[in-house]
Structure formats: C-alpha cells, structure tokens
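Undergrad: what's the 3D shape of this:
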Amino acid sequence: MIISVVNGKGGVGKSTVAINLAGSLSHQKTKVLLVDADPQGTTIGWLNAREGQPPEKLSLNGLRVVPRAWSAAELGDKLEAEAKSADITIIDCGPANGKIERAALALSDYAIIPVTPSPYDIRSAKTTVDLIREGKQDAGLRVKAFLLVSRKVVGTSLGDDVREALKVFDLPILKAEICQRVALCEAGIVGQAVHEYAPGSLAAEEFDNLAEEVLKWRKRN
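TA: Numbering: from 1, shown residues only. Alright, predicted model coming up:
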C-alpha cells in the first residue's frame with residue numbers, strides 16, 4: 001500500500017505527519033518505506049540527524065528511509081520496485097510542486113492531505129483537492145484522498161471549528177487529529193520519531209490513532 005502525504009501549501013506539517021506516521025506503523029511491527037519527494041529534503045534532514053543518534057535511542061527496526069530526496073522521474077522509475085520490500089510506503093511530498101504531486105498521486109493508493117485550522121490554509125488546500133479531482137477525471141487517478149486536521153492548537157475556537165469548515169471539500173476527514181506538541185518538534189530536531197523520543201506521550205497517542213485508521217485501509221486492499 002502506497003500513501004502520499006500531500007498539500008501544495010507549506011507549513012501544514014506534511015513531513016511531521018509522514019515521519020511520525022511511519023514511526024507509529026513501524027512501532028506496530030509494520031514494514032515501512034519512507035520516501036522524501038520534497039526538494040527541500042526535510043525528511044532527509046531528519047534522517048541525517050538520526051544517523052548521529054546512539055543505537056539504543058532508535059527502536060524502529062521496520063522503518064527504511066531512502067537516503068536522498070527523489071524527483072518526479074525517480075518516483076516513476078524506482079517506487080514500484082522499492083515498495084515491494086515494505087508493507088506500507090509513505091511519500092512525503094513537498095509544497096507547490098505539481099509535477100511531484102501528480103507523480104506521487106498517480107502511484108498511490110491513498111492520499112493524506114494535512115490541513116491546519118487556519119482559514120487561509122483551509123482555502124489553500126483547495127488547490128490540492130482540485131488537482132486530485134482533475135486527475136480522477138482526466139487521467140483516471142484511483143487514489144483515495146482523506147483530509148487530516150494537523151497542527152491543531154488545543155482549546156482554540158479555530159481548532160474546534162475546523163471540521164465543519166473542511167466539509168466544503170466533500171472529502172472524508174480522518175478521525176485522528178494531530179496537535180501542536182513540543183515533543184514533535186524536539187523529536188524532529190534529534191532525528192527520532194515521537195514514539196522513540198516520548199513514548200506514551202499525547203503526541204505518540206495521536207499518531208497511534210492515525211496509524212490505526214491507516215491499517216484499516218490496508219485490510220481493505
């Protein structure tokens with residue numbers, strides 16, 4: 001199963017979602033391949049920091065990360081063969097790069113679209129939603145897209161109202177929500193998944209909830 005984490009808007013938490021969803025799935029004994037398709041190389045930066053960590057702090061034995069960011073052409077050339085070694089492949093797509101987004105979506109079974117509880121970011125997600133709909137209509141895309149509330153600030157009215165606002169896209173909204181947590185930021189800096197850095201934390205619990213929904217997709221395939 002191949003999943004793209006995609007949104008043309010930067011700063012919505014795509015890399016955080018891709019890395020920590022991969023971490024949660026690996027923590028649950030799933031073989032995961034994590035592909036960085038972001039020219040900015042956020043996931044590769046995380047991987048480089050990870051290589052400096054002592055082995056006893058790293059526990060995700062089922063996780064493999066490609067050693068450098070892939071272009072749209074490399075996705076087309078390499079992904080199918082590489083994905084055979086994993087139960088689930090996750091592609092971290094960069095912002096505002098339609099070519100990479102299209103290539104990733106064409107290869108994916110599912111797409112997760114992280115959206116932050118901001119009126120500007122909710123409106124900007126329309127570009128990605130439209131890209132998927134046009135691809136389904138014009139190119140026969142089969143990808144199933146889901147919206148994910150990301151970087152939610154607990155206790156704010158925007159956070160509480162975001163689900164209602166997202167209904168405008170007429171796409172399913174994942175039950176899991178990813179909140180802004182200090183542990184996620186600190187884990188990313190040192191190259192760990194939140195399950196390694198802060199096991200049992202609220203952040204880890206949120207990604208377990210997301211992983212649980214994703215694993216249900218796998219059972220349907």
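Undergrad: centre of the chain to stretch 124-141, how far?
TA: 18 Å (C-alpha atoms, centre = their mean, to the nearest Å).
Undergrad: now do the helix or strand of the chain with the lowest mean pLDDT: which elements does it pack against?
TA: Within the chain, no helix or strand scores below helix 157-166, which has a mean of 82 by mean pLDDT, DSSP states H and E. Under the contact definition 3 or more C-beta pairs under 8 Å, 6 or more residues apart in numbering; DSSP states H and E, helix 157-166 sits against helix 119-138, strand 144-152, strand 173-179. Quick note: C-beta positions are derived from backbone N, CA and C, even for glycine.
Undergrad: how many neighbours does Lys78 have?
TA: 13 (other C-beta atoms under 10 Å).
Undergrad: just to check, it is in contact with Trp70?
TA: Yes - counting by C-beta atoms under 8 Å, Trp70 is a contact partner of Lys78 at 6.8 Å.
Undergrad: what about Phe146, distance to Arg68?
TA: 28 Å (C-beta to C-beta, to the nearest Å).
Undergrad: could you do Cys93 as well?
TA: 15 Å.
Undergrad: neighbour count: the two, which is higher?
TA: Cys93 (28 against 10).
Undergrad: who's the more buried one bridged to?
TA: Note on Cys93: beta-bridge partners Ala37, judged by DSSP bridges.
Undergrad: circling back: out of the helices and strands packed on helix 157-166, deepest packed?
TA: Highest mean neighbour count of those: strand 144-152, a mean of 21 (counted as mean count of other C-beta atoms under 10 Å).
Undergrad: now that strand: mean pLDDT?
TA: Mean per-residue pLDDT for strand 144-152: 95.
Undergrad: again, but for stretch 78-87
TA: Mean predicted confidence for stretch 78-87 is 95.
Undergrad: just stretch 63-71 next, same as before
TA: Per-residue scores along stretch 63-71 average to 95.
Undergrad: quick one: residues in contact with that stretch.
TA: Contacts to stretch 63-71, defined as C-beta atoms under 8 Å, 6 or more residues apart in numbering, come from residues 22-23, 26, 31-41, 43-44, 47, 50, 78-79, 82, 85-86, 100, 193.
Undergrad: check which helix or strand covers Ala106.
TA: helix 98-107 (DSSP states H and E).
Undergrad: please disregard the earlier target; I meant Pro114.
TA: Per DSSP H and E: strand 110-115 holds Pro114.
Undergrad: elements contacting that strand?
TA: strand 2-5, helix 14-27, helix 119-138, strand 144-152.
Undergrad: direction included, what does that strand pair up with?
TA: Assessed with DSSP bridges, strand 110-115 is paired to strand 2-5 (parallel), strand 144-152 (parallel).
Undergrad: now do that strand: everything it contacts.
TA: For strand 110-115, with C-beta under 8 Å, 6+ apart as the criterion, the contacting residues are 1-7, 12-14, 17, 21, 105, 121-122, 125, 128-129, 132, 143-151, 162, 166, 171, 174, 178, 214, 217.
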